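J.: Using only what follows, build the 3D model:
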Amino acid sequence: MAQLDLLEKAFLDYNRYLTRKETGSINDEYANLAKLAKEKIDIFSTSSTLNFIDGVALIPNNLYKCIMVSTGSRAIEVEEIQKSDLPIITSSKLTAPNVSYPIYYKQASSVYILPSTITTATIDYVYKPNDPLWAFTTGSTYGDMQYSSANSINFSLHDSEEVNLIAKILLLAGVTIKDPNVVQIAKQEEVQKINQENS
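T.: I've put the predicted structure just below:
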């Protein structure tokens, strides 16, 4: 939960920093906060091939946020539309989708593409990180447990998120055990970081 919260926060930070950059209130050099936030997101970016049958393909099961869909060796970007706009777009010869101007929409766990003659496309997306797992093996005696690195899954976050991750875990643990001191310290850490970024 803490890992997903920090990934979602990276998206919000990236948007906020881009807005600040447009107003000229943020630097482009070493303190390029938009670039740093994007680096935190890019760790989770990947691509996959969508194989369409009659214009329908399955969305990758680990998709978190779609970056883009493209065809023709990434030469043509497929425009995403809302399904409710489909009748308007397809009713006019000027906006009707074709191989040079394809469109797609997502519904449940599927991607629909028009024209339906397109058989493959590439989807670039941010994937949902795997849940961390600390695996152990048990020994021959009672209580004998050893850490198993081969079966464990570590956090996937950017190195700069280590302190934030610890603070977020403490915050969540404090809420669970209802320890007001732990909750207060974690919240103060988070507020202090936000204030430093905004100053």
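J.: any idea how far the residue nearest in space to the middle of the chain lies from Thr46?
T.: The chain has Val126 as the residue nearest its centroid, 4.1 Å off, counting by C-alpha atoms, centre = their mean. Applying C-beta to C-beta, to the nearest Å, the value for Val126 to Thr46 is 8 Å. Placement of C-beta: from N, CA and C, glycine included.
J.: Equivalent analysis for Ala34, please.
T.: Ala34 is 21 Å from Thr46, by C-beta to C-beta.
J.: which of these two has more neighbours?
T.: Per other C-beta atoms under 10 Å, whichever of Ala34 and Thr46 has more neighbours is Ala34, with 19 against 13.
J.: Got phi/psi on the more buried one?
T.: Main-chain dihedrals, Ala34, degrees, to the nearest 10: phi -60, psi -40.
J.: That one: what's it in contact with?
T.: Shown in contact with Ala34 (C-beta atoms under 8 Å, 6 or more residues apart in numbering): 14, 17-18, 20-21, 26.
J.: Return the member of the residues you listed nearest to Asn164.
T.: The closest of the contacts of Ala34 to Asn164 turns out to be Tyr14 (C-beta to C-beta; 15.0 Å).
J.: what's around that closest one, how many residues?
T.: 19.
J.: what's the closest non-adjacent residue to it?
T.: Ala37 (3.9 Å; C-beta to C-beta, 6 or more residues apart in numbering).
J.: Report the separation between Phe52 and Ala150.
T.: 38 Å.
J.: rewinding a little: SS state for the residue nearest to the centre of the chain?
T.: strand (DSSP: H, G, I helix; E, B strand; the rest coil).
J.: is it in a bridge, and if so with what?
T.: Ser45, Lys65 (DSSP bridges).
J.: Do I have it right that it meets Lys65?
T.: Yes. Counting by C-beta atoms under 8 Å, Lys65 is a contact partner of Val126 at 4.5 Å.
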